[in-house]
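**Q** sharing a model prediction with you, sequence too.
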Amino acid sequence: MATQPRVSSAFISFLTILGSVVLAKYQYDNVSPFGEHNIAMRISLFATFIYFMVVVVYEILNLDGTIKVEDDGRYLLILGHVRFLSGTIAATLLILILISYFGWFLLVIWTMFLVKIACYWDKPFYNFDMFKIKNQNTTNSEGGQEAQQPPV
(Lines give C-alpha, C1' and ligand atoms only; values in the text may rest on other atoms or scores of the structure.)
Protein backbone atom coordinates (compact mmCIF):
# COMPACT_ATOMS: atom_id res chain seq x y z
CA MET A 1 0.00 0.00 0.00
CA ALA A 2 3.00 2.29 0.28
CA THR A 3 3.16 2.75 -3.47
CA GLN A 4 -0.51 3.77 -3.72
CA PRO A 5 0.00 7.59 -3.57
CA ARG A 6 2.88 7.48 -6.07
CA VAL A 7 0.93 5.37 -8.56
CA SER A 8 -2.12 7.62 -8.25
CA SER A 9 -0.11 10.80 -8.72
CA ALA A 10 1.69 9.30 -11.72
CA PHE A 11 -1.60 8.30 -13.33
CA ILE A 12 -3.10 11.72 -12.62
CA SER A 13 -0.10 13.26 -14.37
CA PHE A 14 -0.64 10.87 -17.29
CA LEU A 15 -4.29 11.94 -17.58
CA THR A 16 -3.23 15.59 -17.46
CA ILE A 17 -0.72 15.05 -20.26
CA LEU A 18 -3.29 13.22 -22.39
CA GLY A 19 -5.83 16.00 -21.86
CA SER A 20 -3.25 18.61 -22.83
CA VAL A 21 -2.32 16.69 -25.98
CA VAL A 22 -6.01 16.46 -26.96
CA LEU A 23 -6.37 20.22 -26.49
CA ALA A 24 -3.17 20.84 -28.46
CA LYS A 25 -4.43 18.66 -31.31
CA TYR A 26 -7.51 20.86 -31.73
CA GLN A 27 -5.80 24.17 -30.93
CA TYR A 28 -5.72 25.58 -34.47
CA ASP A 29 -8.86 23.91 -35.81
CA ASN A 30 -12.21 25.62 -35.84
CA VAL A 31 -13.68 22.58 -34.06
CA SER A 32 -13.27 21.86 -30.38
CA PRO A 33 -12.76 18.31 -29.08
CA PHE A 34 -16.21 18.58 -27.47
CA GLY A 35 -17.74 19.40 -30.84
CA GLU A 36 -16.19 16.49 -32.68
CA HIS A 37 -16.01 13.86 -29.89
CA ASN A 38 -18.77 15.02 -27.56
CA ILE A 39 -19.63 11.70 -25.89
CA ALA A 40 -16.02 10.54 -25.50
CA MET A 41 -14.97 13.85 -23.94
CA ARG A 42 -17.90 13.95 -21.52
CA ILE A 43 -17.39 10.35 -20.41
CA SER A 44 -13.67 10.99 -20.05
CA LEU A 45 -14.25 14.04 -17.86
CA PHE A 46 -16.80 12.18 -15.73
CA ALA A 47 -14.47 9.17 -15.38
CA THR A 48 -11.59 11.45 -14.40
CA PHE A 49 -13.77 13.06 -11.75
CA ILE A 50 -14.76 9.62 -10.41
CA TYR A 51 -11.10 8.59 -10.40
CA PHE A 52 -10.09 11.67 -8.36
CA MET A 53 -12.93 11.13 -5.87
CA VAL A 54 -12.13 7.44 -5.40
CA VAL A 55 -8.44 8.22 -4.84
CA VAL A 56 -9.37 10.76 -2.17
CA VAL A 57 -11.86 8.42 -0.46
CA TYR A 58 -9.38 5.54 -0.62
CA GLU A 59 -6.74 7.67 1.06
CA ILE A 60 -9.16 8.84 3.75
CA LEU A 61 -10.38 5.32 4.55
CA ASN A 62 -6.93 3.75 4.55
CA LEU A 63 -4.82 6.65 5.73
CA ASP A 64 -2.10 4.66 7.45
CA GLY A 65 -2.20 1.71 5.06
CA THR A 66 -2.90 -0.86 7.76
CA ILE A 67 -6.25 -2.17 6.52
CA LYS A 68 -5.87 -5.20 4.30
CA VAL A 69 -8.53 -6.73 2.07
CA GLU A 70 -8.48 -9.93 4.14
CA ASP A 71 -9.26 -8.00 7.33
CA ASP A 72 -12.75 -6.74 6.46
CA GLY A 73 -11.32 -4.30 3.95
CA ARG A 74 -13.47 -5.50 1.06
CA TYR A 75 -14.63 -1.94 0.45
CA LEU A 76 -11.01 -1.12 -0.34
CA LEU A 77 -11.04 -3.88 -2.95
CA ILE A 78 -14.18 -2.43 -4.52
CA LEU A 79 -12.72 1.10 -4.43
CA GLY A 80 -9.57 -0.22 -6.06
CA HIS A 81 -11.58 -1.76 -8.89
CA VAL A 82 -13.61 1.42 -9.39
CA ARG A 83 -10.41 3.46 -9.39
CA PHE A 84 -8.84 1.14 -11.96
CA LEU A 85 -11.87 1.11 -14.26
CA SER A 86 -12.56 4.84 -14.11
CA GLY A 87 -8.94 5.82 -14.62
CA THR A 88 -8.39 3.46 -17.50
CA ILE A 89 -11.61 4.42 -19.31
CA ALA A 90 -10.63 8.10 -19.02
CA ALA A 91 -7.20 7.40 -20.52
CA THR A 92 -8.63 5.04 -23.13
CA LEU A 93 -11.16 7.59 -24.37
CA LEU A 94 -8.52 10.31 -24.61
CA ILE A 95 -6.32 7.93 -26.60
CA LEU A 96 -9.37 7.09 -28.73
CA ILE A 97 -9.63 10.77 -29.63
CA LEU A 98 -5.91 11.03 -30.41
CA ILE A 99 -5.25 7.71 -32.20
CA SER A 100 -8.58 6.22 -33.11
CA TYR A 101 -7.60 2.67 -34.18
CA PHE A 102 -5.35 2.10 -31.17
CA GLY A 103 -8.03 3.67 -28.96
CA TRP A 104 -10.67 1.23 -30.22
CA PHE A 105 -8.27 -1.64 -29.49
CA LEU A 106 -7.75 -0.35 -25.95
CA LEU A 107 -11.51 0.07 -25.53
CA VAL A 108 -12.03 -3.62 -26.38
CA ILE A 109 -9.37 -4.59 -23.84
CA TRP A 110 -11.01 -2.30 -21.25
CA THR A 111 -14.36 -3.97 -21.90
CA MET A 112 -12.77 -7.37 -21.21
CA PHE A 113 -11.41 -6.07 -17.91
CA LEU A 114 -14.86 -4.71 -17.06
CA VAL A 115 -16.46 -8.11 -17.67
CA LYS A 116 -13.75 -9.88 -15.66
CA ILE A 117 -14.12 -7.53 -12.70
CA ALA A 118 -17.92 -7.64 -12.87
CA CYS A 119 -17.83 -11.43 -12.72
CA TYR A 120 -15.47 -11.25 -9.74
CA TRP A 121 -17.51 -8.64 -7.83
CA ASP A 122 -20.45 -10.91 -7.13
CA LYS A 123 -18.38 -13.31 -4.99
CA PRO A 124 -18.03 -11.12 -1.86
CA PHE A 125 -21.72 -10.23 -1.98
CA TYR A 126 -23.33 -13.65 -1.99
CA ASN A 127 -20.79 -15.62 0.04
CA PHE A 128 -22.32 -15.18 3.49
CA ASP A 129 -20.66 -18.36 4.83
CA MET A 130 -17.50 -16.39 5.56
CA PHE A 131 -19.44 -14.40 8.18
CA LYS A 132 -20.71 -17.61 9.81
CA ILE A 133 -17.20 -19.05 10.00
CA LYS A 134 -15.85 -15.81 11.46
CA ASN A 135 -18.70 -15.63 13.97
CA GLN A 136 -18.15 -19.27 15.04
CA ASN A 137 -14.43 -18.68 15.47
CA THR A 138 -14.97 -15.72 17.77
CA THR A 139 -17.70 -17.53 19.74
CA ASN A 140 -15.62 -20.68 20.22
CA SER A 141 -12.47 -18.80 21.15
CA GLU A 142 -14.32 -16.86 23.86
CA GLY A 143 -15.64 -20.10 25.44
CA GLY A 144 -12.17 -21.58 25.75
CA GLN A 145 -12.76 -24.25 23.12
CA GLU A 146 -10.71 -24.60 20.00
CA ALA A 147 -12.15 -22.96 16.95
CA GLN A 148 -13.26 -25.55 14.43
CA GLN A 149 -13.85 -24.59 10.87
CA PRO A 150 -16.47 -26.40 8.84
CA PRO A 151 -15.24 -28.32 5.81
CA VAL A 152 -15.11 -26.31 2.65
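**A** Nice, I can see it.
**Q** buried residues in the helix or strand hosting V57, which are they?
**A** Using DSSP states H and E, V57 sits within helix 38-61. Buried residues in helix 38-61, counted by 16 or more other C-beta atoms under 10 Å: A40, M41, S44, A47, T48, I50, Y51, F52, V54, V55, Y58. Glycine gets a C-beta too; all of them are placed from N, C-alpha and C.
**Q** look up how far I60 lies from the third one.
**A** For S44, the distance to I60 equals 25 Å [C-beta to C-beta, to the nearest Å].
**Q** still on that earlier bit, ok, residues contacting the helix holding V57?
**A** The contact list for helix 38-61, computed with C-beta atoms under 8 Å, 6 or more residues apart in numbering, reads 4-5, 8, 11-12, 15, 19, 22, 33-34, 67, 75-76, 79-80, 82-83, 86-87, 89-90, 93-94, 96-97.
**Q** which of the residues you listed fall within helices?
**A** Among those, the members falling in helices (DSSP state H) are 4-5, 8, 11-12, 15, 19, 22, 33-34, 75-76, 79-80, 82-83, 86-87, 89-90, 93-94, 96-97.
**Q** buried subset of these?
**A** Buried among the ones in helices among the contacts of helix 38-61 (16+ other C-beta under 10 Å): 8, 11, 15, 19, 22, 33, 76, 79-80, 82-83, 86-87, 89-90, 93-94, 96-97.
**Q** longest helix in this protein, by number of residues?
**A** helix 100-126.
**Q** just want the angle from that helix to helix 74-98.
**A** 170 degrees (axes from the mean of the first three to the mean of the last three C-alpha atoms, to 10 degrees).
**Q** who are the packing partners of helix 100-126?
**A** Applying 3 or more C-beta pairs under 8 Å, 6 or more residues apart in numbering; DSSP states H and E, we find helix 100-126 packed against helix 74-98.
**Q** what helices and strands are in contact with the helix it packs on?
**A** Using 3+ C-beta pairs under 8 Å, 6+ apart, helix 74-98 sits against helix 4-25, helix 38-61, helix 100-126.
**Q** got a list of contacts for that helix?
**A** By C-beta under 8 Å, 6+ apart, helix 74-98 touches 8, 11, 14-15, 18-19, 21-22, 25, 33, 37, 40-41, 43-45, 47-48, 50-51, 54-55, 57-58, 61-62, 67, 69, 102-104, 106-107, 110, 113-114, 117, 121, 124.
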